[in-house]
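What shape does this take:
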Amino acid sequence: MSQVHFRKTDNRGEFVLRILEFFEEQFKESDTFLVKPNIVSYEEYPTTTHPEILDAVLTFLSGRDVVVADGPAPDAGDSQRIMEQSPLKKVCDSHGVPLINLYITNIRRFVTPRGYRFRIFTSPWRGISLSHFQFLRYTPIVK
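Coordinates of the predicted model:
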């Protein structure tokens, strides 16, 4: 069963911390976390996760093995530049957490004997697969 939490507030960080505390028991089972915010383009909030949200999540996960990763929309422009100039990069830097561009990966292209074409993207974490992370957390836009 899904749960929806809402509250009219100007303090996004406090709200997010309360929600995370609600799920604290589940978080205790994990040591490694991949946090996936929403970095859509050069445009900041509302199309990108608000920095207060990411700051609250990283504060809550302080002291654990955390990576923040995303990739802007494919048609948004230079993904590396967008990631470097994102306000979320400043948040990650303040917590000593890497912000990984998911588009900087190795791609292997395959064609099956029947002619089907597909691509396999390898992890940008130099030998670490997604199975390394015990808990994946998606931080959508909170309005």
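
Every contact and neighbour count from this point should use C-alpha atoms.
Will do.

what ranges do the strands span in the chain?
Using DSSP state E, the strands assigned to the chain run over residues 32-36, 65-70, 99-101, 107-111, 117-121, 135-138.

residues in contact with the closest residue to P98 other than its chain neighbours?
With sequence-adjacent residues excluded and distances taken as CA to CA, 6 or more residues apart in numbering, P98 is closest to V67, at 5.6 Å. Residues in contact with V67 (CA atoms under 8 Å, 6 or more residues apart in numbering) are F33, L34, V35, V97, P98, L99, I100.

one step back: with mean pLDDT as added columns, please give the strands of the chain in TSV.
TSV is the format used below for the strands of the chain (pLDDT from 0 to 100):
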stretch	mean pLDDT
strand 32-36	86
strand 65-70	87
strand 99-101	87
strand 107-111	75
strand 117-121	68
strand 135-138	51
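
Take the ones you listed and write them to JSON lines, including distance to D55.
Below are those laid out as JSON lines (distance: least, CA to CA, whole Å):
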{"stretch": "strand 32-36", "distance to D55": "11"}
{"stretch": "strand 65-70", "distance to D55": "11"}
{"stretch": "strand 99-101", "distance to D55": "13"}
{"stretch": "strand 107-111", "distance to D55": "32"}
{"stretch": "strand 117-121", "distance to D55": "29"}
{"stretch": "strand 135-138", "distance to D55": "14"}
